[in-house]
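[1] No letters, just coordinates:
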């Protein structure tokens, strides 16, 4: 089983914090449509090329566990383009798509999570109705904040009201799994500002929340503002107060923190159900707390599940290798048109695989399953982990090594100390 990620690099405008590969170069409508058509044709052909390559190696067709359309802004694509992408997915991977022409709806005989990222202002009434003709069953939206002032600072296209309206429109077309991204740590943001954002988000009663501190990535306009002294990073103490507030408030509201930055709505599993997630650790084996709304696709990244990346700059992982496509839309299209995969790759040796596990599995509430490690790596890991265990930053329990709540705040440092060098 593999996850399928499809990268859509097109954006109407660039947010000042974004470090992902995207393009806003096509200004004229005709030019945008031409590039979109070429790019979507390339995406579809890359799927065919990769399927041919994989089949020649393994002799078996790849089975998909999840599908994720990310970007960029996938909601910038026309519905003709989106439909073509899913028609190709069905042709190549056979996920059991069924279109009902009478009701203009689409479903899959295979119940898999199919996510598309959307910008709130793209979710018009017409857009929401058109979603019914696609097999998408999960929407991820970047609200980022419910302050119009902060949205303007980020160069986001939508307003706070538009984000709320988008959720209502999605509900009206029976989208039952919605994820919203939220940011904290803006210049001059107060704890009260952050609390207001959380409460406004909770009022929408959505299934999944991803919450991140504002990052100053090198090469972004936001980073240049920082270097020029025009903005200041958030104070460490305020960051901790905001993160504590996030964890505690979402726990009270019935969300499970299953990864450092990700929270999923829980469902009661017994009459004695009680939410207990603020310690960032799973419960005992006889009382499991696991939300059905965890992002299955992103969880594959954290739990060593293979995935296929399609599109410019997309990454793939599996069969002991990691590969990535060229981060250039035109170069990508040209290569695919010539039946070439514009890909570089690296072999993942045992030490690299161990380091990858430290960086991914340790982000989750389950942590690292020590029984999956060889005796050599298990001994190595526990020796390096001992100082953090003694400081209360890590905990070993029932064969799992995980971060404690205090450990989350210094997780980068803890992970670095556990690396194989």
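    Good, I have the coordinates. On a predicted model such as this, the values are computed, not experimentally measured, just so you know.

[2] thought residue 250 was touching residue 263?
    Yes: Residue 250 lies in contact with residue 263 (Cβ atoms under 8 Å); the separation is 4.9 Å. For glycine as for every other residue, the C-beta is placed from the backbone atoms N, C-alpha and C.

[3] any common contacting residues for those two?
    Residues touching both residue 250 and residue 263 (Cβ atoms under 8 Å, 6 or more residues apart in numbering): 209, 257.

[4] what element comes up after the lengthiest helix in the chain heading to the C-terminus?
    When the chain is parsed with DSSP state H, its longest helix is helix 29-58. Downstream of helix 29-58, the next assigned helix or strand under DSSP states H and E is strand 64-71.

[5] buried ones in that following strand?
    Neighbour-count burial for strand 64-71, counted by 16 or more other Cβ atoms under 10 Å, picks out 64, 65, 66, 67, 68, 69, 70, 71.

[6] from the residues you listed, which single one is nearest residue 110?
    Set against residue 110, the nearest of the buried residues of strand 64-71 by Cβ to Cβ is residue 64 (8.0 Å).

[7] Which residues does that closest one form beta bridges with?
    Note on residue 64: beta-bridge partners by DSSP bridges are residue 2.

[8] Surely residue 182 is within a helix?
    No: assignment of residue 182 by DSSP: H, G, I helix; E, B strand; the rest coil gives strand, placing it outside any helix.

[9] Can you report how many residues lie near it?
    Neighbour count of residue 182, defined by other Cβ atoms under 10 Å: 21.

[10] Was I right to think it contacts residue 211?
    Yes: when contacts are counted by Cβ under 8 Å, residue 182 is listed as touching residue 211 (4.7 Å).

[11] Tell me which of residue 250 and residue 263 has more neighbours.
    Legend: neighbour count by other Cβ under 10 Å for residue 250 and residue 263, higher for residue 263 (27 against 23).

[12] Are we agreed that the more buried one is in a helix?
    No: looking at residue 263 with three-state DSSP, it is strand, so not inside a helix.

[13] quick one: it from residue 246, how far?
    8 Å (Cβ to Cβ, to the nearest Å).

[14] quick one: the residue most central in space within the chain and residue 5, what's the gap?
    When Cα atoms, centre = their mean is applied to the chain, the residue found nearest the centroid is residue 298 (5.2 Å). Using Cβ to Cβ, residue 298 is found at 10 Å from residue 5.

[15] Quick check: neighbours shared by those two?
    Common contacts of residue 298 and residue 5 (Cβ under 8 Å, 6+ apart): residue 68.

[16] Need the phi and psi values for the residue of the chain most remote from its centre.
    For the chain, the largest distance from the centre (Cα atoms, centre = their mean) belongs to residue 102, which lies 34.1 Å off. Dihedral pair for residue 102: phi -70, psi -40, per degrees, to the nearest 10.

[17] Read off the pLDDT value for it.
    pLDDT recorded at residue 102 is 79.

[18] same thing with residue 281?
    With respect to pLDDT, residue 281 has a value of 49.

[19] which other helices and strands contact the strand or helix carrying residue 152?
    For residue 152, the element it lies in under DSSP H and E is helix 148-154. Where contact means 3 or more Cβ pairs under 8 Å, 6 or more residues apart in numbering; DSSP states H and E, helix 148-154 is packed against strand 138-144.

[20] So residue 218 lies in a strand, does it not?
    No: Residue 218 is assigned coil when assessed by three-state DSSP, not a strand.

[21] count of neighbours near it?
    9.

[22] where along the chain do the helices fall?
    Going by DSSP H, the chain shows helices at 29-58, 79-93, 125-131, 148-154, 160-172, 191-202, 221-227, 236-252, 296-302, 329-337, 350-361, 375-390, 405-409, 411-418.

[23] between residue 263 and residue 246, what contacts are shared?
    residue 211.

[24] Quick one: mean pLDDT for stretch 40-50?
    96.

[25] and the helix holding residue 152, average pLDDT?
    94.

[26] mind checking which helix or strand of this protein has the lowest mean pLDDT?
    When each helix and strand of the chain is scored by mean pLDDT, DSSP states H and E, helix 29-58 comes last, with a mean of 82.
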